[in-house]
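[1] take a look and give me a structure for this.
(chains A and B)
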Amino acid sequence: MTILTELATLYDRLAEAGEAPRRGFSRERIGYELLIRSDGTPVALSPLARQDPKRPGRMMNVPAAVIRTAGIKPNIFWDKTAYALGVTAVEIDGQFSPGQGKRTLEEHAAFRAAHLALLEGAADPGLAALRAFLERWTPDRFAELDWDAEALDANIVFRWVDDPVGPAPLHERSAARALLEESSGEEAPCLVTGVSGPLARLHPVIKGVAAKNPPPGGGHRLVSFNIGSDKPIGASSSFGKIKGENAPVSEAAAFAYGTALNTLLDRGAAHRRRFQLGDATAVFWAEGPRAAAQSAEDMLFGAVDPQPETGEDALAKLRADLDNFAAGRRAPGASYGPETRVFVLGLAPNAARLSVRFWRPGTLGDFARHVLEFWEALRIEPAPWKGPPAAWSLLYETARVYKDPDTGKKKIDEKSIPPLLGGALMRAVLTGAPLPRTLLSAVVTRVRADGEINGRRAAICKAVVNGIQGEEVVPMSLKRDNADQAYRLGRLFALLEKVQRDALERDSDGQRKQRLATSIKDRYFAAASSTPARVFPIIIRTSIHHLSKIRKDISERIAGWNEREIEEIWSGLEPDLPRSLTLEAQGRFIAGYYHQSAWRAPKADAVFEGVEE
Amino acid sequence: MSFQLHIWGDHACFTRPEMKVERVSYDVITPSAARGIFEAIHWKPAIRWVIDRIHVLKPIRFETIRRNEVGSKISARTAQSAMNAGDLTGLHLVVDENRQQRATLALRDVSYLIEAHFEMTAEAGGDTPAKHSEMFRRRATTGQCFHRPCLGVREFPAWFELVKTPPPSTLLESDRDLGWMLYDIDYANRRAPLFFRARMEGGVIDLVRVRGEGLRA
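    Numbering: from 1, shown residues only, chains lettered A, B, ... in the order given. All right, here's what the predicted structure looks like:
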């Protein structure tokens, strides 16, 4: 079904579990509560206990936050001090004290007017207390009462201290809730629920999607129409409709999907359901009763982002679980089965809106099978990963690495990762489709640029090439009789590089004495992997000199071994070297190079160890 | 008169109204998009195409595309005043100044078999159904069309072939609830959109039954 429908369905489960706020409410960070008496006298402004040691205040369900852009709009029953009390933090000599900014008084006036209008004739004693308070309050009282300056600019809620029932904020009172329930707008069928109802003109703001330039409100909308929002003129509005009328979703459904998505994206949530993939932020969830869905989600998270640090046991259990689900069996002890439905949604900001990078509904069994296939495709010897690789870690192999000018440490330039690659990669992982060719081209480009060939890059080349060809063209470990020309050329190149190093870096005892400033790899790798016929004759010619130097100065045996190896690879090559290699062939070249250069002879021949870095 | 048209293409985007700025496609072709393809091959005011069944022949696969698009359109009023004045001054759109980058979640590699029939309208005059039926058959067989049919948006052309027996299906999951889907725009009634609950059963969306159950306006 559709993204919004599934999210709206998820909301019901979250709301039931108390993980998401009720309709008309949103979860906000509240710093202080203001205690007031029945006659409106303020008693104290007391801080709310911290839940998170790093951040002040507490997350609380409050009447839904209004959408503020440029104008002045107060929240109901809560707000920051500028609105609620008419004071904001003003810095004088490094000290913050209560004062007024440019618009503070207007903001407070708006807050007061909105509440006085709403609470007019309110019979509830708690609400009457708030009305009395707002009628008498003046902003300079904040300083007179000598309240904590720390509270300035924090969000505050109100509490009526004479409440016989117990301490609860005013907006929790049933009288307050009755006041908040109102509906407006045109009625039309909702595309999420199918039920006619008032349409949401503005859709909820989604927070928590990583963005380079977060917008002022701290979030983006999944659905919005910025051009022609007031007049039907933009390219995105049709048939004379404005704003949300273009996307008929009822207020209830818009609230439900927005809240569900915000809950999934919440970084502070105890339960992790989000991960970052390049510039896309992905969330996933499972369907079903709460406990079962949660443990399914935990397992999913482990599979997408395996942590080698958590230890062999946890990884082995994860693998066993995945094996079971992939085979259509219920894992021992699991409260959910392979038929459990799971959803993965990847979002990335595009200007002020969110765009959907990938959307994948499926079952746990399918998912497990695809993840295992992905792990299998990336296996290479010698293994560059301790445990199975996380999908996002592949993206780092396509990123530029630079030296941080301040610390001198190597850093990864995440911006250089091609933006659409994350989505394409994740889709391949979750659907079991071949890994995207763009991943190969990004890795090959990176290898040509920085000349680094490590196991991770070789593994990616192997996985993509085999995936595209649909058969195992690139073997898992060095395969001497593999007839593929590009693979052989890659091996040959690695060997020629070793010969050069043996000749020029060792002294007569066979010990390393120096390091070459520029090896043939630095000079010729890019050209050799793309146009072999042009480059190999040159480097073969120089290798003859290197071999005779080894024979003369270092060791007859090493020279002989190298010669035999070169001959063996050479004999499997066709007489005419290829003029150019395709992208896939370059991938095979890289894999061949890695296999040959990382090859270690069995212990008995320890003298002839492979190439050293 | 009923026809079976096999249509396919490399990409398709049947934009969901609930997410149409950063476009997200419906899972399958909508009835109105299918109607547009039949109309591209043959249409006259005398007839009205009605889509009966949509057979989904290939697995539903999505792909993301990001590209530069134009952010506004020329308003009808500007065009109207240019017509009245008989002067084109001011009637233009500078593409470079109206750039927006948008994302599309499009469908990849689609193939459908559409069953449809046409009805005669009040405009028919002396036309007979046989006349239009033969015209459609001849045009569809020889690949003629009034304008190039497309799969949701003009950038994704549709290929078509009139068939007697349905081509083989490679669909993996044949039953699926596709949620609320646009049926068509009711042009007679203030251009109100009509919606239906799309259910794929055995790879087929049965619109005859949907119309029997009633549409949501």
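
[2] going by C-alpha atoms from here, please, whenever you check contacts or count neighbours.
    Will do.

[3] let's verify residue A:418: helix, strand, or coil?
    Applying DSSP: H, G, I helix; E, B strand; the rest coil to residue A:418 yields a three-state assignment of coil.

[4] burial count for it?
    Residue A:418 has 16 neighbours, counted by other C-alpha atoms under 10 Å in any protein chain shown.

[5] with residue A:505 instead?
    For residue A:505, the neighbour count with other C-alpha under 10 Å is 16.

[6] what's the answer for the one 10 residues further on, then?
    A count of nearby residues for residue A:515, using other C-alpha under 10 Å, gives 12.

[7] for chain B, where's the lowest mean pLDDT among helices and strands?
    strand B:62-70 (a mean of 85; mean pLDDT, DSSP states H and E).

[8] next SSE downstream of that one?
    Following strand B:62-70 in sequence order, the next helix or strand is helix B:76-85 (DSSP states H and E).

[9] what is the next helix or strand along the chain from that next one packed up against?
    Sequence-wise, the next helix or strand downstream of helix B:76-85 (DSSP H and E) is strand B:99-120. Applying 3 or more C-alpha pairs under 8 Å, 6 or more residues apart in numbering or on different chains; DSSP states H and E, one finds that strand B:99-120 contacts strand A:341-350, strand A:353-363, strand B:2-12, strand B:23-24, strand B:47-56, strand B:62-70.

[10] other SSEs contacting the shortest one?
    With contacts taken as 3+ C-alpha pairs under 8 Å, 6+ apart, strand B:23-24 sits against strand B:99-120.

[11] neighbouring strands - and their directions - for the strand it packs on?
    Strand B:99-120 has the following sheet partners, assigned by DSSP bridges: strand B:2-12 (antiparallel), strand B:23-24 (parallel), strand B:47-56 (antiparallel), strand B:62-70 (antiparallel).

[12] point out the residues in the stretch 301-450 of chain A that sit beside chain B.
    Proximity of the stretch 301-450 of chain A to chain B, by C-alpha under 8 Å from any C-alpha of the partner chain, involves residues A:350, A:353-359, A:420, A:423-424.

[13] any chance of TSV for those, columns neighbour count and pLDDT?
    Compiled in TSV, those are given as follows (neighbours: other C-alpha atoms under 10 Å in any protein chain shown; pLDDT from 0 to 100):
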residue	neighbour count	pLDDT
A:350	17	79
A:353	24	82
A:354	25	87
A:355	28	86
A:356	26	86
A:357	30	83
A:358	22	81
A:359	25	83
A:420	17	76
A:423	27	77
A:424	20	81
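
[14] would you mark the buried spots in stretch A:316-328?
    Using 16 or more other C-alpha atoms under 10 Å in any protein chain shown as the test for burial, stretch A:316-328 gives A:318-319, A:321-326, A:328.

[15] err, stretch A:89-107, not the other one
    Those would be A:89-90, A:97-100, A:104-105, A:107, for stretch A:89-107 by 16+ other C-alpha under 10 Å.

[16] out of the residues you listed, which comes closest to residue B:108?
    residue A:107 (51.1 Å; C-alpha to C-alpha).

[17] quickly find the element holding that closest one.
    Assigned by DSSP H and E, residue A:107 falls in helix A:104-119.

[18] ok so, going back, only C-alpha atoms, please: export the least confident helix or strand of chain B in PDB.
    The C-alpha coordinates for strand B:62-70 follow below in PDB (Å, rounded to 0.1, in the frame of the first residue of the first chain):
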ATOM      1  CA  PHE B  62      10.800   1.900  -8.200                       C
ATOM      2  CA  GLU B  63      13.700   4.100  -9.200                       C
ATOM      3  CA  THR B  64      14.700   7.700  -8.100                       C
ATOM      4  CA  ILE B  65      15.500  10.400 -10.600                       C
ATOM      5  CA  ARG B  66      16.500  13.900  -9.800                       C
ATOM      6  CA  ARG B  67      16.500  16.600 -12.500                       C
ATOM      7  CA  ASN B  68      15.900  20.300 -13.200                       C
ATOM      8  CA  GLU B  69      12.400  21.300 -14.000                       C
ATOM      9  CA  VAL B  70      10.400  24.500 -14.600                       C
END
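
[19] now do it against strand A:353-363, angle only.
    170 degrees (axes from the mean of the first three to the mean of the last three C-alpha atoms, to 10 degrees).

[20] can you give me how far strand B:62-70 is from the chain middle?
    19 Å (C-alpha atoms, centre = their mean, to the nearest Å).

[21] likewise stretch A:340-360?
    Chain-centre distance of stretch A:340-360: 11 Å, with C-alpha atoms, centre = their mean.

[22] got it, and stretch A:39-59?
    Centroid displacement of stretch A:39-59 relative to its chain, using C-alpha atoms, centre = their mean, is 33 Å.

[23] with stretch A:163-181 instead?
    How far stretch A:163-181 lies from its chain's middle: 39 Å, per C-alpha atoms, centre = their mean.

[24] show me what contacts residue A:85?
    Residue A:85 is in contact with A:108, A:137-139, A:142, counting by C-alpha atoms under 8 Å, 6 or more residues apart in numbering or on different chains.

[25] nearest to residue A:239, of these?
    Nearest to residue A:239 among the contacts of residue A:85 is residue A:108, at 40.4 Å by C-alpha to C-alpha.

[26] any idea how far chain B is from the closest one?
    Look at residue A:108 and chain B: by C-alpha to the nearest C-alpha, to the nearest Å, they are 36 Å apart.

[27] in space, what's closest to that residue - neighbours in sequence excluded?
    Among residues not flanking residue A:108 along the chain, residue A:83 sits closest, at 4.3 Å (C-alpha to C-alpha, 6 or more residues apart in numbering or on different chains).

[28] low-confidence ranges, the chain, go.
    The chain I'm using is chain A. Scanning chain A with the threshold set as pLDDT under 70 gives A:1, A:51-52, A:181-186, A:215-217, A:226-236, A:268-270, A:308-310, A:510, A:601-613.

[29] wrong one, I was asking about chain B
    Checking chain B against pLDDT under 70 turns up B:217.

[30] how about the residues of it by chain A?
    Proximity of chain B to chain A, by C-alpha under 8 Å from any C-alpha, involves residues B:17-24, B:62-64, B:70-75, B:101-105, B:176-181, B:191, B:216-217.

[31] can you turn the buried part of these into a ChimeraX selection?
    Burial among the residues of chain B next to chain A is assessed by 16+ other C-alpha under 10 Å; the matching ChimeraX selection reads:
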select /B:17,18,19,20,21,22,23,24,62,63,64,70,71,72,102,103,104,105,178,179,180,181,216,217
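
[32] returning to what we had before: in JSON lines, list the helices and strands packed on strand B:99-120 along with distance to residue A:496.
    Below are the helices and strands packed on strand B:99-120 laid out as JSON lines (distance: least, C-alpha to C-alpha, whole Å):
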{"stretch": "strand A:341-350", "distance to residue A:496": "45"}
{"stretch": "strand A:353-363", "distance to residue A:496": "44"}
{"stretch": "strand B:2-12", "distance to residue A:496": "45"}
{"stretch": "strand B:23-24", "distance to residue A:496": "52"}
{"stretch": "strand B:47-56", "distance to residue A:496": "55"}
{"stretch": "strand B:62-70", "distance to residue A:496": "43"}
